[in-house]
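> Sequence and predicted model, in that order:
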Amino acid sequence: MVSVAKSFEAPIKLVFPQDLLINGLSASNFAMLGLGDIVVPGIFIALLLRFDKSLKRGSEFYFRATFGAYVLGLLCTILVMHIFKHAQPALLYLVPACLTTPLLLALLRGDLQALFNYEDQMPVVEPAAEGSGRSKKTE
């Protein structure tokens, strides 16, 4: 997996220096994060924001909690990479963090059925009633 990702020269990965603090601008040890590690959880977290809005509670509770879990999952990935000195698939840590957080919170808050039944779709706008041409306010 690592050899394929390193040999592929396309904008599908983010590369950042791991030894920037030690070697400064001449850093040579790079860590890599694939865009799939950002996009896939990002879509899920964005849907949780829409779920928060559909609950009409005026909060972004599930979005903020899961975004925090995503950041903790990334930090866990980086920590394990530094401990074992070997590349780690970030989704191995991000998926459990991003899935268990909203599921446990929905279970605790009683929103589990609403979470599982949530559908993201555009609201249906009813066409104006034809006929008298007057609205109910003018009657």
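On my side now, so go ahead.
> Thr77 reaches Leu94, doesn't it?
Yes. Thr77 is in contact with Leu94 according to CB atoms under 8 Å; the separation is 7.3 Å. C-betas here are computed from N, CA, C, even on glycine.
> Contacts only, for Arg50.
Asp120 (CB atoms under 8 Å, 6 or more residues apart in numbering).
> Let's see the pLDDT reported for it.
We have a pLDDT of 95 for Arg50.
> what's the answer for Gly110, then?
So Gly110 comes in at 95 (pLDDT).
> and the end-to-end length of stretch 103-116?
End-to-end distance of stretch 103-116 (CA to CA, to the nearest Å): 9 Å.
> neighbouring contacts of that stretch?
By CB under 8 Å, 6+ apart, stretch 103-116 touches Phe51, Leu55, Phe61, Tyr62, Ala65, Pro102.
> Selection in ChimeraX covering whichever of those are buried, please.
Applying 16 or more other CB atoms under 10 Å to the contacts of stretch 103-116, the buried members can be selected in ChimeraX as follows:
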select :51,61,62,65,102
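> Which two of the contacts of stretch 103-116 have the greatest separation?
For those, the farthest-apart pair by CB to CB is Leu55 and Ala65; their separation is 13.6 Å.
> ok, back up a step: return the item of the contacts of stretch 103-116 having minimum pLDDT.
Minimum confidence in the contacts of stretch 103-116 sits at Leu55, scoring 93.
> rewinding a little: so can I have TSV of the contacts of stretch 103-116 showing secondary structure?
TSV is the format used below for those (DSSP: H, G, I helix; E, B strand; the rest coil):
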residue	secondary structure
Phe51	helix
Leu55	helix
Phe61	helix
Tyr62	helix
Ala65	helix
Pro102	helix
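> As TSV, the contacts of stretch 103-116 with distance to His86 would be great.
As requested, the contacts of stretch 103-116 are exported to TSV (distance: CB to CB, whole Å):
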residue	distance to His86
Phe51	36
Leu55	42
Phe61	36
Tyr62	34
Ala65	30
Pro102	30
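> ok, so of the contacts of stretch 103-116, who is nearest Glu126?
Leu55 (23.3 Å).
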